[in-house]
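[1] just the structure for this:
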Amino acid sequence: MTDTTKEVTFRIRRFHPNNDDRPHTQDYQVPCPPGMTVLDALWWIKEHRDPTLAWRASCRMGVCGSCGMLINGSATLACNTQIAELKSDLVALAPLPNFNILRDLVPDLTTMFDSHTALGPHLIRSDPEEQENPTFEYLQSPEELERYLQFSYCIKCGCCMAACPTVATDPVYSGPMPLGQAHRYNSDSRDGGFAERREVLSSERGPWRCHFAGECSRVCPKGVDPAKAIQLMKRDLVLDFLRLRKKQCPTPAAGPRTGARDPEIPEPPPRTA
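    Numbering: from 1, shown residues only. Here you go, the predicted model:
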């Protein structure tokens, strides 16, 4: 161990469904040089102390969202968290709360993705033929892009769901990730699926159960603001109920092939088999 390497205790909540009746904690002493992340420490433990330790990870770059976990009481990504920044000789790790535990630090995110799927997290259009076989581009202005851009940065890590007090007490509520992504598509000028999503959004699964605690936005590792998305969604639902919401009518960058074209948009090459 070098002069700059610090020994840190990792207190990890363990659970194996075949062997344990309930979760328990286990301590590991880990030498932590400067720059070492929590994910690096987990790999060190697995390679040098305990090969049975389980967690979920992939990219190591804060992109995939797989390594979300509770680190010293806060939901965040293990790959983005340097041990030195925690300023503690004890690092407590646990799986994300508000989810069932599959094993050790691996949460079962099925409920989150089921709610996500139920809200149609994709562009929904009234012209499916044009969507499947596009003939023109659907351009957006910078202002139209700005309406949904930050919400598109969500990596579905589940940290916001783990921090949400409503998710903790209400099994019906969809939660900040699914609702934030529903707003992302409702705000997209190319989308026309608000009416289809409205059935779920107007129910108990929708945004009305949100107490606006704001914890979801505080813990998001990508700087997304799902709390804002949920409040904007409430506004849109009220305006829709009052029939004051402007309907989005996506239009192509140019008219039909038989009509006038924008001279700045070149004619697409003919399709070949």
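
[2] could you give me the buried positions within the biggest helix by length in the chain?
    Criterion DSSP state H: the longest helix present in the chain is helix 226-241. Buried residues in helix 226-241, defined by neighbour count with 16 or more other CB atoms under 10 Å: 226-230, 232-234, 236-237, 240. For the C-beta atoms, the positions are set from N, CA and C on the backbone; glycine is no exception.

[3] now do the strands in the stretch 1-150 of the chain.
    Along the stretch 1-150 of the chain, the stretches classed as strands by DSSP state E, counting those that start in this stretch are 6-14, 24-32, 68-71, 74-77, 90-94, 100-103, 106-108.

[4] need these in JSON lines (columns: mean neighbour count and distance to residue 212).
    Shown next, in JSON lines, are the strands of the stretch 1-150 of the chain (neighbours: other CB atoms under 10 Å; distance: least, CB to CB, whole Å):
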{"stretch": "strand 6-14", "mean neighbour count": "17", "distance to residue 212": "30"}
{"stretch": "strand 24-32", "mean neighbour count": "15", "distance to residue 212": "34"}
{"stretch": "strand 68-71", "mean neighbour count": "26", "distance to residue 212": "23"}
{"stretch": "strand 74-77", "mean neighbour count": "23", "distance to residue 212": "18"}
{"stretch": "strand 90-94", "mean neighbour count": "19", "distance to residue 212": "26"}
{"stretch": "strand 100-103", "mean neighbour count": "17", "distance to residue 212": "27"}
{"stretch": "strand 106-108", "mean neighbour count": "18", "distance to residue 212": "25"}
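
[5] so which of those strands comes closest to residue 157?
    Minimum separation from residue 157 across the strands of the stretch 1-150 of the chain (CB to CB) falls at strand 68-71, 4.0 Å.

[6] who are the packing partners of the closest one?
    strand 74-77, strand 90-94, helix 159-163 (3 or more CB pairs under 8 Å, 6 or more residues apart in numbering; DSSP states H and E).

[7] take these and write them to a markdown table, including mean pLDDT and distance to residue 83.
    Formatted as a markdown table, the helices and strands packed on strand 68-71 follow (pLDDT from 0 to 100; distance: least, CB to CB, whole Å):
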| stretch | mean pLDDT | distance to residue 83 |
| --- | --- | --- |
| strand 74-77 | 98 | 13 |
| strand 90-94 | 98 | 6 |
| helix 159-163 | 98 | 19 |
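
[8] for residue 195, which of those is the nearest?
    Of these, nearest to residue 195 by CB to CB is helix 159-163, at 26.3 Å.

[9] ranges for the helices of the stretch 1-150 of the chain?
    With helices called from DSSP state H, counting those that start in this stretch, the stretch 1-150 of the chain shows them at 38-48, 83-86, 110-118, 128-132, 142-146.

[10] any buried residues in the third one, and which?
    When you say that, I think you mean helix 110-118. Neighbour count says helix 110-118 has 111-112, 115-116 buried, by 16+ other CB under 10 Å.

[11] what's the answer for the shortest one, then?
    The neighbour-count criterion (16+ other CB under 10 Å) identifies 83, 86 as the buried residues of helix 83-86.
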